[in-house]
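1. Mind folding the following:
(one chain, ligands or ions: 2)
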Amino acid sequence: MKMINMSLTMITAFTVALSTSTLAAGDAAKGQEIAAGVCAGCHSPDGNSLIPNFPSLAGQHPEYLLKQLMEFKADDSGTAVRNSPAMTPMVAEFSKEDMENLAAFYASQKATPGKVSGDTDLIALGKVLYHGGNIENGVPACASCHGPTGSGLPPRYPALAGQHADYTLTQLDLFNKAERTNDNKVMQQVLTRMSGTEKRAVSLYIQGMQ
Ligand code: HEC
Ligand code: HEC
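-> Ligands and ions are numbered 1, 2, ... in the order given. Presented below is the predicted three-dimensional model:
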């Protein structure tokens, strides 16, 4: 817990830096034009993706969306902060302004309420973990950063409610293997303690959150 608390302090400092920097509000109409042409095939025209491996973006906080888009973009040496074979080529030609517009567009869309069916025991375990963590292996409650309803806490903590379980589970695995490293090591630390069953359980529970 001590390490988590330390990171939380670091993140708070980072958050303040981000919110006082020039985060110009994007133009959602311009963002929609790009999204319709380039992004809709995978993320759906309104950002409520129908494909379990492609994340829904509708209603996500614009600051988080902008951060991800900027971090998908490779630098001159071809390295991206968030490495993604799918997304890095997508953003290669975009300016920061394009990304602000895209972030504003998806943030303005309404998220479809989550639903989940299937293994009720696993979903119940996910619910306990999400709201209370696991004292035995030191997994912190997801709710403490992502909010009790999964609505997140802008600008730093993304909304999770209703996200596809397949996508969430993939991200948890990527954090766990330290292949997704743009989280200030917060999620990586959360994941070192979680079992495979816990990862699946919490991913399913999140998909059903509204
Ligand atoms: C070929 C399919 C595809 C297209 C087209 C595509 N994406 Fe993605 N997108 C993905 C996948 C897959 C991921 C998950 C990234 C990963 O983990 O590698 C993703 C992730 C993202 C994320 C991160 C979401 C999160 O919750 O962290 C954002 C933001 C995003 N895409 C925006 C866009 C935008 C904007 C466009 C259009 C310019 C676009 N995407 C086009 C497949 C696609
Ligand atoms: C100490 C704060 C903290 C706790 C506790 C925490 N998270 Fe996170 N989480 C974050 C931060 C910060 C990010 C954003 C990383 C970034 O900017 O890319 C994040 C990102 C995520 C993402 C990626 C979202 C996306 O759209 O790609 C998932 C999934 C996630 N967290 C799930 C969880 C789950 C499940 C738990 C509980 C087991 C949890 N988190 C607990 C801080 C936290």
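
2. any weak-confidence spans in the chain?
-> 1-24 (pLDDT under 70).

3. Within range of ligand 2, give me the residues from it.
-> 4, 8, 11, 55, 67, 129, 139-140, 142, 144-146, 156-158, 160, 168, 171-172, 182-183, 186-187, 190, 202 (CB under 6 Å from any ligand atom). Backbone N, C-alpha and C define where each C-beta goes, glycine included.

4. And the residues you listed, which of them are buried?
-> 4, 11, 55, 67, 129, 139-140, 142, 145-146, 156-158, 160, 168, 171-172, 182-183, 186-187, 190, 202 (16 or more other CB atoms under 10 Å).

5. Leaving out the residues flanking it, which one is nearest to residue 160?
-> residue 150 (4.5 Å; CB to CB, 6 or more residues apart in numbering).

6. That neighbour falls within a strand, correct?
-> No - with DSSP: H, G, I helix; E, B strand; the rest coil as the criterion, residue 150 is assigned coil and is not in a strand.

7. give me every residue that touches it.
-> Under the criterion of CB atoms under 8 Å, 6 or more residues apart in numbering, the contact list for residue 150 reads 130, 159, 160, 161, 162, 206, 209.

8. Also residue 129?
-> 139, 141, 142, 198, 201, 202, 205.

9. and the helix or strand containing the last one, what other elements does it pack with?
-> Element membership of residue 205 [criterion: DSSP states H and E] is helix 196-208. With contacts defined as 3 or more CB pairs under 8 Å, 6 or more residues apart in numbering; DSSP states H and E, the secondary structure elements packing on helix 196-208 are helix 120-132, helix 165-176.

10. wouldn't residue 151 be in contact with residue 159 here?
-> Yes - under the criterion of CB atoms under 8 Å, residue 151 makes contact with residue 159 at 5.2 Å.

11. out of these two, which sits in the busier spot?
-> residue 159 (23 against 18; other CB atoms under 10 Å).

12. tell me the contacts of the residue most central in space within the chain?
-> For the chain, the residue sitting closest to the mean C-alpha position, by CA atoms, centre = their mean, is residue 158 at 5.0 Å. Residue 158 sits next to 60, 61, 64, 146, 152 when contact means CB under 8 Å, 6+ apart.

13. and the residue of the chain positioned farthest from its centre, how far is that from residue 148?
-> In terms of distance from the mean C-alpha position of the chain, residue 136 ranks first, at 26.2 Å (CA atoms, centre = their mean). Residue 136 sits 22 Å away from residue 148, going by CB to CB, to the nearest Å.

14. cool, and residue 173?
-> In terms of CB to CB, residue 173 sits 25 Å off from residue 148.

15. what about those two, which has more around it?
-> residue 173 (15 against 12).

16. Just to check, residue 137 is in contact with residue 192?
-> No - under the criterion of CB under 8 Å, residue 137 makes no contact with residue 192, lying 9.6 Å away.

17. The two: who's more crowded?
-> Set residue 137 next to residue 192 and count neighbours by other CB under 10 Å: residue 192 wins out with 14 against 11.
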